[in-house]
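1. pasting the sequence and the predicted coordinates here, then a few questions.
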Amino acid sequence: MQLEVCSAVCGYENRKVIDRISFSVSSHEILCLLGPNGVGKTTLFKSILGFLKLIDGSIRVDGEDVSHWKRKRFAQVIGYVPQNHTPPFPFTALDVVTMGRTAHLGAFSTPSKEDRRIAVESMETLSIDLLKDRVYTEISGGERQMVLIARALAQQPEILVMDEPTSNLDYGNQMKVLGQIKKLAENGLGVVMTSHCPDHAFLCCSRVVLLHEGGFEIGEPDEIVTEENLREVYGVDVKITSMPTGDGRLAKTCTPVLP
Amino acid sequence: MRDTLKSAAGTPSITGWRNRLPGLPVMTALILILVIVFLISLTIGRYGIPFEQLMQIFFAKIFGMTGQGTVETVLFNVRIPRILCGVMIGAALAGSGAAYQGIFKNPMVSPDILGASAGAGFGAAFAILNSFNIISIEITAFIFGLAAVGLTYALSSVIGRNSNAVLVLVLTGMVVQSLFSAFTSITKFVADPNNKLQEITFWLMGGLNSITSREVLMMFIPFVIGLIPLFLFRWKINVLSFGEEEAKAMGVDTGRVRLILILASTLLTSSAISVAGMVGWVGLIIPHFARLIVGPDYKKLMPASVLIGGTFLLIVDNVARTVFATEIPLGILTAIIGAPFFLYLLLKGRSAW
């Protein structure tokens, strides 16, 4: 399965935000979208998910233009994990995860036992099945993020689109979520995620799209997350260092240098 | 802080268990309560009909016998139509209130707060002023109810971008509501004080005292038409309550589903209002009350709201017609009960939602 963004022009009626961007994500790949606030990460995301109409270009799944796809068909292929938020009603975590099954239900149906089972299964995949009967509005931010990922998994998509999956999470939860994302990709999902932390690209991503004022760079993390690029895009002096992790691998990290 | 402690303890809070209440026994109990209240309502009134006599009349009716005179007339021409209408109106207002809360992902809205009631009220008052027949009254009420909800929704999405959407929707609803109330006042102002003004004023206070079997039919048709989509799409209302984009991403055609649900809810509200007048609060408090019992899942919440709403309005109407020598307008009673109950919900805190 491959999700392709083909020379897409994204933006609003009379304001182009991103001009002619092309990249693709396949199964097993994690693509990380980096860039400072206000360069159009959200706009690009909304365009990929079809919330926002493309001005030009196309979004393709295995070569097929998705612009005329029904929402239901789209949802069966592409799952969306939104940023953590609080819904107005106190659903249980299992209720929330079961809602991921909607794309597989008939127009007037409610979830069956089988749908519940798949929902429980996707919670088990993320080892959060203990949260089943807890109220979604009362659990912690990290737990809620995991529930939202479980919901997207219950949708059984091929590609997962995640909007800042690590925002508002403490350090431990960030790593837990990143670890899970890596595992999901190893099991065959394709992932597109945004992040504010360039380190995340080194940690688990196979490709990086760096958005900045006036353009974008696409490539492997090592080519894109460089000291020059980060200085130019974020205006921060950064040293990138390699550290042995103890198991024979080298882990790259960014260390900002404050003036 | 409280939430963190709960998390740490790892025990599901009371709300968590509530959501797991098996649906079937609860629904059966709610239906049973409605049936019992229905039967009791048949016996009480200015013209009391003891239970044995009630049975006799029914048996006589079933076996094709007539007789009993006045009692039968009171029962079949006055009391039963009134009770049926009461149940449908309560169910319609509660069901549409529950749906509005989900569609607008806002537990603070109701037919009243969105302006649907005020719009439908103006439509009906305007129709009464112009001596429309009952079908045209319903249609006019529906059109203006829809216009009011549309206006509230459109204004709040323009104003409420990137800000407190819950509050903005409630505030714009209030603006639209008072706008249509002003229109209603104009119709009263120009109405002939000798007949039309009285008619409009009494109708506005809300009541079921002029119900005949004709009104039952006029309520029944929009009631069924409006309620069916609310039931068919009840799972989708859950998904819609997570917001436009998430619902789309989960495979819901939000534009179409939301439009159908708004049309259906507004039809329910406006038909209830054109039959019973301005009966407020039911659409706000009953869904909350139902949520306390069956949890927020619309799969159970929608039927529970409809059943409790019908029972509630029936009880209130029984009070309205029996407690004092003259009838108390229904709208006054629902407000007297609704306002403190809602305050109680607010004081109990958000977790109750």
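-> Perfect, thanks for sending it.

2. ranges for the strands of the stretch 151-259 of chain A?
-> Along the stretch 151-259 of chain A, counting by DSSP state E, counting those that start in this stretch, strands occupy A:159-162, A:190-194, A:207-212, A:215-219, A:238-244, A:250-256.

3. for the stretch 201-350 of chain B, that is, sorry about that
-> Applying DSSP E, counting those that start in this stretch to the stretch 201-350 of chain B gives no strands.

4. residues from it in reach of chain A?
-> B:232-236, B:238-239, B:241-246, B:248-254, B:291, B:295-297, B:299 (CB under 8 Å from any CB of the partner chain). The way it works is simple: take the backbone N, C-alpha and C, and place the C-beta from them, glycine included.

5. buried ones among those residues?
-> Buried members of these, counted by 16 or more other CB atoms under 10 Å in any protein chain shown: B:232-236, B:238-239, B:241-243, B:245-246, B:248-254, B:291, B:295-297, B:299.

6. return the distance of stretch B:221-230 from the chain's centre.
-> Counting by CA atoms, centre = their mean, to the nearest Å, stretch B:221-230 is centred 13 Å from the centre of its parent chain.

7. list the contacts of it.
-> Here stretch B:221-230 makes contact (CB atoms under 8 Å, 6 or more residues apart in numbering or on different chains) with B:88, B:91-92, B:95-96, B:99, B:138, B:142, B:237, B:260-261, B:263-265, B:267-268, B:270-271, B:302, B:306.

8. buried ones in that stretch?
-> By 16+ other CB under 10 Å, the buried positions in stretch B:221-230 come out as B:P222, B:F223, B:G226, B:L227, B:P229, B:L230.

9. so which of these sit within helices?
-> B:P222, B:F223, B:G226, B:L227, B:P229, B:L230 (DSSP state H).

10. how many neighbouring residues does residue 29 have?
-> Just going to use chain A. 18 (other CB atoms under 10 Å in any protein chain shown).

11. actually it's chain B I care about, not the one you picked
-> Neighbours of B:A29 (other CB under 10 Å): 12.

12. helix, strand, or coil at it?
-> Classification of B:A29 by DSSP: H, G, I helix; E, B strand; the rest coil places it in helix.

13. do B:R46 as well
-> At B:R46 the chain is in coil, as set by three-state DSSP.

14. quick one: contacts for it?
-> Counting by CB under 8 Å, 6+ apart, B:R46 touches B:R321, B:T322.

15. poorly predicted segments of chain B, please.
-> In the predicted model, chain B carries pLDDT under 70 at residues B:1-22, B:66-68, B:162-163, B:349-353.

16. tell me the residue of it that sits nearest chain A?
-> B:G251 (3.1 Å; CB to the nearest CB).

17. near chain B, which residues of the stretch 101-250 of chain A? Just list them.
-> A:102-103, A:105, A:107-111, A:130, A:133-135, A:137-140, A:143, A:151, A:155.

18. quick one: secondary structure of the most centrally placed residue in chain B?
-> With distances taken as CA atoms, centre = their mean, chain B has B:L93 as the residue nearest its mean C-alpha position (1.0 Å). Recorded secondary structure, B:L93: helix (three-state DSSP).

19. any idea how far B:M174 is from it?
-> In this view, B:L93 and B:M174 are 19 Å apart by CB to CB, to the nearest Å.

20. just A:L34 next, same as before
-> A:L34 sits 44 Å away from B:M174, taking CB to CB as the criterion.

21. so for these two, which residue has more residues nearby?
-> Taking neighbours as other CB under 10 Å, A:L34 and B:M174 compare with A:L34 leading, 28 against 16.

22. mind listing what that one touches?
-> So A:L34 contacts A:T194, A:S195, A:H196, A:P198, A:A201, A:V208, A:V209, A:L210, A:L211, A:I224, A:V225, A:V233 (CB under 8 Å, 6+ apart).

23. follow-up on the earlier one: in a markdown table, list the strands of the stretch 151-259 of chain A along with mean neighbour count, distance to A:R116 and mean pLDDT.
-> Shown next, in a markdown table, are the strands of the stretch 151-259 of chain A (neighbours: other CB atoms under 10 Å in any protein chain shown; distance: least, CB to CB, whole Å; pLDDT from 0 to 100):
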| stretch | mean neighbour count | distance to A:R116 | mean pLDDT |
| --- | --- | --- | --- |
| strand A:159-162 | 24 | 22 | 96 |
| strand A:190-194 | 25 | 26 | 95 |
| strand A:207-212 | 23 | 36 | 94 |
| strand A:215-219 | 16 | 41 | 91 |
| strand A:238-244 | 12 | 45 | 90 |
| strand A:250-256 | 13 | 40 | 89 |
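
24. nearest to A:D56, out of those?
-> Closest to A:D56 of those is strand A:215-219 (CB to CB; 15.9 Å).

25. how far off strand A:207-212 does that closest one point, in degrees?
-> Strand A:215-219 runs at 160 degrees relative to strand A:207-212, counting by axes from the mean of the first three to the mean of the last three CA atoms, to 10 degrees.

26. I'd say A:V17 and A:C10 touch.
-> Yes: under the criterion of CB atoms under 8 Å, A:V17 makes contact with A:C10 at 5.5 Å.

27. and these two? which has more neighbours close in?
-> A:C10 (24 against 19).

28. and the host helix or strand of the more buried one with chain B, contact?
-> Assessed by DSSP states H and E, A:C10 sits inside strand A:2-12. No: Strand A:2-12 stays clear of chain B (CB under 8 Å from any CB), getting no nearer than 12.8 Å.

29. on that earlier part again, relative to A:H104, how far out is the residue of chain B closest to chain A?
-> Per CB to CB, B:G251 is found 8 Å from A:H104.

30. what of A:N187?
-> Using CB to CB, A:N187 is found at 20 Å from A:H104.

31. who's more crowded, those two?
-> A direct count of neighbours by other CB under 10 Å for A:N187 and A:H104 places A:H104 higher, at 19 against 10.

32. on the pLDDT front, check the residue in the stretch 151-259 of chain A that chain B sits nearest to for me.
-> In the stretch 151-259 of chain A, the residue that lies nearest chain B is A:Q155 (6.7 Å; CB to the nearest CB). At A:Q155, the model reports a pLDDT of 96.

33. ok, the one 10 residues further on next?
-> We note a pLDDT of 91 for A:P165 in this prediction.

34. what about it, neighbour count?
-> A:P165: 25 surrounding residues under other CB under 10 Å.

35. quick one: it and A:I181 touch, right?
-> Yes: with contact defined as CB under 8 Å, A:P165 counts as touching A:I181 (6.6 Å).

36. related to what we said a few turns ago, which residues do A:V17 and A:C10 both contact?
-> The contact sets of A:V17 and A:C10 overlap at A:G40, A:T43, A:L44 (CB under 8 Å, 6+ apart).

37. between these, which is nearest chain B?
-> The closest of these to chain B turns out to be A:T43 (CB to the nearest CB; 13.0 Å).

38. hang on, A:G38 in a strand?
-> No: secondary structure of A:G38 (three-state DSSP): coil, not part of a strand.

39. contacts only, for it.
-> Going by CB under 8 Å, 6+ apart, the list of residues near A:G38 is empty.

40. try it again at 10 Å.
-> A:V17, A:L211, A:E213 (CB atoms under 10 Å, 6 or more residues apart in numbering or on different chains).
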